Every structure is written in C-alpha cells, then in structure tokens.
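In: everything below, folded, please.
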Amino acid sequence: LRPNDIVIAILGVTGAGKTTFVSHFSTFELEIGHGLEPCTERVQAIPCEFEDGQRMWLVDTPGFDDTYRSDAELLEELATWLNSAYRRQIQLTGIVYLHRIKDIRIGGAAIKNLRMFNQLCGEHGLGSVVLATTMWDSGVDEQAGLKREQELTSSSDFWKLMIEQGSKVFRQDEGRTSAYRIVKYLINKNRPVYLDISREMVDEKKQLRDTKVGSEIATKVDKMKQHYEAELDRLRKELRKEVQNAVEQKNAEAKRQYELAQAEMRGIEKELAKNREDCLRLAADNEQLRQSAQAKDEKDLEEMRLLKSLIQEQRMQIDDAKRQNDKTREYDMEKKRKQSEQRLRQKEAMSAKNCIVM
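Out: All right, here's what the predicted structure looks like:
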C-alpha cells in the first residue's frame, strides 16, 4: 500500500454487507457472514482489482456493534490503522457507509454507528462519502424501502446534514454492477481525504479519548465505571449483612442469598476489569498505538514461526508412520498437519492484510 493508491474504506453496522461489497473486487475469496455475528474481526486492507486490472485497496472494518468487543477496542484498532496510513501519507480516495434498507426502524446500533462515523470523518471528510443502502433483495417491499430511504435522506438525525456537506446517496442493489458505480463515482470525484481522528492524534498529539469520536466513548466508559463501582460498594455491604445473617440464623436461605450476592459481585468485577482495560485503551496516544500494533505483529510472527516448526515435525512423524506401515497413526498425523497448515494460512493472510501500512 503506497501513497497515491486508490484506497476506499467500507464502514457500517455488522451485517450491512461490508465484506460482501469488498468481495465483488477482491483478488481472493473472503469469508462472508450470514447473520448478526461479526465476520470482520479486524481492520483489513484487501487488495482488489477495478476495471482493466487497475489495482485498488478496499478497507473492510468491523462495526461499532461488535458482539464480543467494546467500542473502545474497535476504535483503538481503527485509529491504529488510520494513523499508520496517515503517517505514510496514504489518503482515502473515499468512504462508503452501508445501511440495511430492510431494517424497519433505525435502531440504537445504527444510530451510534452513524454518529461515530460522522465524528471520524469530520465535516471536511463528508464530501468524499457515499451513503449506500443495501439488501433491497431481502424481501423489502419497494414502497416501504422508498419510504425508509426518504426518511434517511430527509431527517437531520440521519443523513440530511451529511448530504448537505457533500455526501452522495446510492443504492447497492445490483451486486457488482452497483458496487462498480459507487467505486467509479469516488475515483472520478478525485477528492482524497484524511480523517479527522488521524489529524487529531498524529498532528495534535491527542490521546484517543480526547478526539471527537473518542470523547463520546470515553464519557460512556467513565459513566459505566462509576456505575460498576457503586454496584460493587452496594454488594459488599449486602455481603457483610448476609454473612451476619448466616451466622445468626444458621439457615439455608441466608446461605443462598450470600452465594447469590457473591456471584453477582464476581460478574460486576469482571465487567469492571473490562472497563478499566477500555480506560487504558482510550488513554493511548499515536505512538502508544503504534507500539501496541508492532507488539501484536511480533506476536503473530512468533506464532507463525511455531506453526511452521510444528508442521515440519508433523511431516517427519508422517514419514516415520509410513516407514512403519502404521496407517492409523499416518492418518491421524496427516489430519493434524492439514489443520496446522490451515491455521498457518489464516495467520499469514490476516498478517498480510493487517500489517500493510504498519
């Protein structure tokens, strides 16, 4: 990935069709999710081809509604990639924001994603944005879809202000054909941009929590921290009371209440630990994000080295089983070797996609 390359970021909630969009141009097969579980776990710069073999990169991203990871963790990863690209003077040719037209109501996850998206781009970046509706072929009535589309484009809560700042609305409703139109539009518009978060962190030396998008997440994280700490304080008082009751009454009900309060406290302590990790993420600056990414890359390289060593050892064991005519052992080791090689291929592919600009 180099300066002046065509680089288009694809954003949206989980299940909006981001990876499907990228797959129309990708030079290799991608895993595509078919439910509400996230398929894209990390920011991935996918090598793609446009017309006449023209090279470009589509950046597939996880949504801010991930089932297993917090918004702070997702923002940390996205900021790390964007900052790395910014340091190497790699601009985005454009940004595509995908929205499911089949959603009857625009829920909290979609609104949150859109708000985060606005803050990531900043006003200057919105002129290089395509807002595209997806999943018109999922049983959506044409009139109902049109009504939802009009609501998106006419409401200040959704896309209206973005359109006024230069964002363009498309329908992603014809597979590769409509995806081609969207990419062609962004290339022809020739309005490459850096996103606000990169300028804030790289040039202004801000911590992640002090950026526009980070400050909103930080406010939520701080509130949750206060909530968890208050709940722990309440439970500790309850536990002292239940212990006293258990001693005085010596009955099973008092013991059961004590155990329930203990279990609830362990759950809150676990959430508080996650919350503290998010606080640390949000306190990171550009250099700390770079160092963290480098450490992850080094860990991935070590894991790949160990896998290669394991595969070599498994091959030697297969050869030994063949010499001894031990078919059962040969079959078992061959199965393990294939599993190891598959894990290695996945690691190598993920490493190549994630570390392109690191």
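
In: all strands of the stretch 151-300 of the chain, in order?
Out: Remark: strands assigned in the stretch 151-300 of the chain by DSSP state E, counting those that start in this stretch are 168-171.

In: remind me which residues of it are low pLDDT?
Out: Within the stretch 151-300 of the chain, the segments meeting pLDDT under 70 span 242, 244-251.

In: and the helices in it?
Out: For the stretch 151-300 of the chain, the helices defined by DSSP state H, counting those that start in this stretch occupy 160-164, 176-189, 196-198, 212-249, 252-282, 286-323.

In: nearest to Val43, out of the ones you listed?
Out: helix 286-323 (10.4 Å; CB to CB). C-beta here means a position set from N, CA and C on the backbone, and glycine is covered the same way.

In: quick one: buried residues of the closest one?
Out: Judged by neighbour count using 16 or more other CB atoms under 10 Å, the buried positions of helix 286-323 are 286, 288-290, 293, 296, 300, 307, 310-311, 314, 317-318, 321.

In: closest to Leu260 among those?
Out: Using CB to CB, Lys296 comes nearest to Leu260 of those, at 39.3 Å.

In: ok so, going back, in JSON lines: the helices of the stretch 151-300 of the chain, plus distance to Asp65.
Out: Putting the helices of the stretch 151-300 of the chain into JSON lines (distance: least, CB to CB, whole Å) gives the following:
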{"stretch": "helix 160-164", "distance to Asp65": "19"}
{"stretch": "helix 176-189", "distance to Asp65": "23"}
{"stretch": "helix 196-198", "distance to Asp65": "19"}
{"stretch": "helix 212-249", "distance to Asp65": "13"}
{"stretch": "helix 252-282", "distance to Asp65": "16"}
{"stretch": "helix 286-323", "distance to Asp65": "22"}
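
In: determine which stretch of those helices is the most buried.
Out: Mean neighbour count (mean count of other CB atoms under 10 Å) peaks for helix 196-198 among the helices of the stretch 151-300 of the chain, with a mean of 23.

In: now do that one: distance to the chain's middle.
Out: Its chain's average C-alpha position is 17 Å from that of helix 196-198, according to CA atoms, centre = their mean, to the nearest Å.

In: burial of the residue lying closest to Lys220 once chain neighbours are set aside, as a residue count?
Out: The shortest distance from Lys220 to any residue other than its chain neighbours is 7.5 Å, reached at Asp71 (CB to CB, 6 or more residues apart in numbering). Using other CB atoms under 10 Å, Asp71 has 22 neighbouring residues.

In: so who does Asp71 touch?
Out: Listed by CB atoms under 8 Å, 6 or more residues apart in numbering, the contact partners of Asp71 are Phe64, Lys112, Met116, Ile217, Lys220.

In: could you rerun that using 10 Å?
Out: For Asp71, the contacting residues are 64-65, 112-113, 116, 213-214, 216-217, 220-221, 278, 281-282, by CB atoms under 10 Å, 6 or more residues apart in numbering.

In: pretty sure Thr20 sits against Asp137.
Out: No. Between Thr20 and Asp137 there is no contact under CB atoms under 10 Å: 11.6 Å.

In: of the helices of the stretch 151-300 of the chain, which approaches Lys336 most closely?
Out: Per CB to CB, nearest to Lys336 of the helices of the stretch 151-300 of the chain: helix 286-323, 5.7 Å.

In: run the angle between that closest one and helix 252-282 for me.
Out: Interaxial angle, helix 286-323 versus helix 252-282 (axes from the mean of the first three to the mean of the last three CA atoms, to 10 degrees): 110 degrees.

In: elements contacting helix 286-323?
Out: Judged by 3 or more CB pairs under 10 Å, 6 or more residues apart in numbering; DSSP states H and E, helix 286-323 is in contact with helix 71-87, helix 252-282, helix 327-354.

In: what about it, distance to the chain center?
Out: Helix 286-323 sits 24 Å away from the centroid of its parent chain (CA atoms, centre = their mean).

In: any idea of the angle it forms with helix 327-354?
Out: Orientation note: helix 286-323 sits at an angle of 160 degrees relative to helix 327-354 (the same axes, to 10 degrees).

In: how far away is Ser70 from Ile217?
Out: Separation of Ser70 from Ile217 (CB to CB, to the nearest Å): 8 Å.

In: list the buried residues for stretch 155-172?
Out: By 16+ other CB under 10 Å, the buried positions in stretch 155-172 come out as Phe158, Trp159, Met162, Ile163, Gln165, Ser167, Lys168, Phe170, Gln172.

In: so the fifth one sits right up against Leu131, yeah?
Out: Read that as Gln165. No. The criterion here is CB under 10 Å, and Gln165 misses it with Leu131 at 11.2 Å.

In: ok, back up a step: any common contacting residues for Ser70 and Ile217?
Out: With CB under 10 Å, 6+ apart, Ser70 and Ile217 have common neighbours Phe64, Glu76, Asp278, Arg281.
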